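Visitor: Provide a 3D model corresponding to the input given below.
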Amino acid sequence: MTLDEKLARIRAHRNNIHRYRKLLETTLSDLERQYIERRLAEETAARHLSWPGPFRSHFRRRKVLLILRQWELKHYRRIATQSFARASAARGK
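Guide: Numbering: from 1, shown residues only. Okay, here's the model as predicted:
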């Protein structure tokens, strides 16, 4: 892969990240928001993996894992909160 192709790929990831962040500022359903947040995490991870520099490969992998783990924790926290709210509402009826 040539340098131009690598730079084009990095620019594409950057543009996608920017687009997803702008979408998150709009009004979305929970399902849409979850999808966009997951895609944002995936694009951010892909950007870190495609960044040039062979000496940083170990740190890039750790950063990617951290990004994906943060998204998973946020996602599971949201599910737990929603489940708790539904259970509380059901008990209150």
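Visitor: check which helix or strand covers the residue nearest the centre of the chain.
Guide: In the chain, the residue lying closest to the centroid (Cα atoms, centre = their mean) is residue 41, at 1.6 Å. Secondary-structure element containing residue 41, defined by DSSP states H and E: helix 30-50.
Visitor: Likewise for residue 68?
Guide: In the assignment (DSSP H and E), residue 68 maps to helix 57-92.
Visitor: thinking again about what came up before, Provide a list of residues in contact with the residue nearest to the centre of the chain.
Guide: With contact set as Cβ atoms under 8 Å, 6 or more residues apart in numbering, residue 41 has these partners: 67, 68, 70, 71. Placement of C-beta: from N, CA and C, glycine included.
Visitor: at 6 Å what do you get?
Guide: Under the criterion of Cβ atoms under 6 Å, 6 or more residues apart in numbering, the contact list for residue 41 reads 67, 68, 71.
Visitor: I'd like to know which of these are buried.
Guide: Among the contacts of residue 41, the ones that count as buried by 16 or more other Cβ atoms under 10 Å are 67, 71.
Visitor: a markdown table for the contacts of residue 41, including pLDDT?
Guide: Formatted as a markdown table, the contacts of residue 41 follow (pLDDT from 0 to 100):
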| residue | pLDDT |
| --- | --- |
| 67 | 73 |
| 68 | 72 |
| 71 | 72 |
